[in-house]
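Asks: Predicted model, plus sequence, below.
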Amino acid sequence: MAEAVYVLCALTSFACAALLLRAYRRSKTKLLLWSSLCFVAFALNNIILVIDLIVVPDIDLFVLRTSVMLVGFALLLYGLIWEKA
């Protein structure tokens, strides 16, 4: 059951990223771009989580998962602080 939740979280993150990118293409608002890149990183984090816990449970990918999540948060934080909406 947990595997299904992890996969659904990854799909939801990719869907959010796609919708944000589509909105960015229409309006050219920079905050939408940074938000979509953040959600891409979140989706990658969820995919790495599935790989870490289900595909290769012997290998610990915690550092990689945390790094990807940190990049996602950094992108969103950059967009919120430095870009004018």
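Replies: Received the coordinates, thanks.
Asks: where does this structure dip in pLDDT?
Replies: Regions of the chain meeting the criterion pLDDT under 70 cover residues 84-85.
Asks: which secondary structure elements does the lengthiest helix in it contact?
Replies: For the chain, the helix that runs over the most residues, judged by DSSP state H, is helix 2-27. Using 3 or more Cβ pairs under 8 Å, 6 or more residues apart in numbering; DSSP states H and E as the contact criterion, the elements in contact with helix 2-27 are helix 30-50. Heads up, the C-betas are built off the backbone N, CA and C, glycines and all.
Asks: Tell me how far the nearest residue to residue 71 once chain neighbours are set aside lies from residue 48.
Replies: By the measure of Cβ to Cβ, 6 or more residues apart in numbering, the closest residue to residue 71 outside its immediate chain neighbours is residue 41, 5.3 Å from it. Plainly put, residue 41 is 10 Å away from residue 48 if you go by Cβ to Cβ, to the nearest Å.
Asks: swap in residue 15?
Replies: Distance from residue 15 to residue 48, counting by Cβ to Cβ: 18 Å.
Asks: Those two - which one has more neighbours?
Replies: residue 48 (19 against 12; other Cβ atoms under 10 Å).
Asks: Report the separation between the more buried one and residue 69.
Replies: For residue 48, the distance to residue 69 (Cβ to Cβ) stands at 9 Å.
Asks: next one: residue 18
Replies: According to Cβ to Cβ, residue 18 and residue 69 sit 20 Å apart.
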